[in-house]
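A.B. asks: pasting the structure only:
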């Protein structure tokens, strides 16, 4: 996922950018499915709470990356985003 974000940041054509985003989306959807698939196995009696915590992690990332895009130019923000996802 992170590598595809970096590829997207340095793509110079519209077709390349669309392809990179499509591939990124496939991997993101798979990762989200894997994250939510393990929720019932953590503790069945508090599955709702665990689901909320998993969802809150996504919101935290959204806020953090929004701050990056506010402070940096797009290419550098996507580079930092890709590196964070890889890490």
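C.D. replies: Received the coordinates, thanks. Treat the numbers as computed from the prediction; the structure is a model and nothing was measured. Residues are numbered from 1 along each chain as shown.
A.B. asks: how about low-confidence regions in this protein?
C.D. replies: The chain contains no residues with pLDDT under 70.
A.B. asks: center of it - which residue?
C.D. replies: Nearest to the mean C-alpha position of the chain, by CA atoms, centre = their mean, lies residue 28 at 6.2 Å.
A.B. asks: nearest spatial neighbour of that residue, skipping sequence neighbours?
C.D. replies: residue 1 (6.0 Å; CB to CB, 6 or more residues apart in numbering). Just so you know, the C-beta spots here come from the backbone N, C-alpha and C atoms, and that holds for glycine as well.
A.B. asks: surely that neighbour meets residue 29?
C.D. replies: No. When contacts are counted by CB atoms under 8 Å, residue 1 is not listed as touching residue 29 (10.4 Å).
A.B. asks: the two: who's more crowded?
C.D. replies: residue 1 (16 against 10; other CB atoms under 10 Å).
A.B. asks: OK, contacts around the more buried one?
C.D. replies: 24, 27, 28, 31, 85 (CB atoms under 8 Å, 6 or more residues apart in numbering).
A.B. asks: could you work out the most separated pair of the residues you listed?
C.D. replies: Greatest spacing in these, by CB to CB: 24 and 31 (10.5 Å).
A.B. asks: looking at these two, which is more packed in?
C.D. replies: The neighbour count for residue 24 versus residue 31, taken as other CB under 10 Å, is higher for residue 24 (19 against 12).
A.B. asks: so for that one, what's the nearest residue that isn't a sequence neighbour?
C.D. replies: Closest residue in space to residue 24, ignoring its immediate chain neighbours: residue 4 at 4.1 Å, by CB to CB, 6+ apart.
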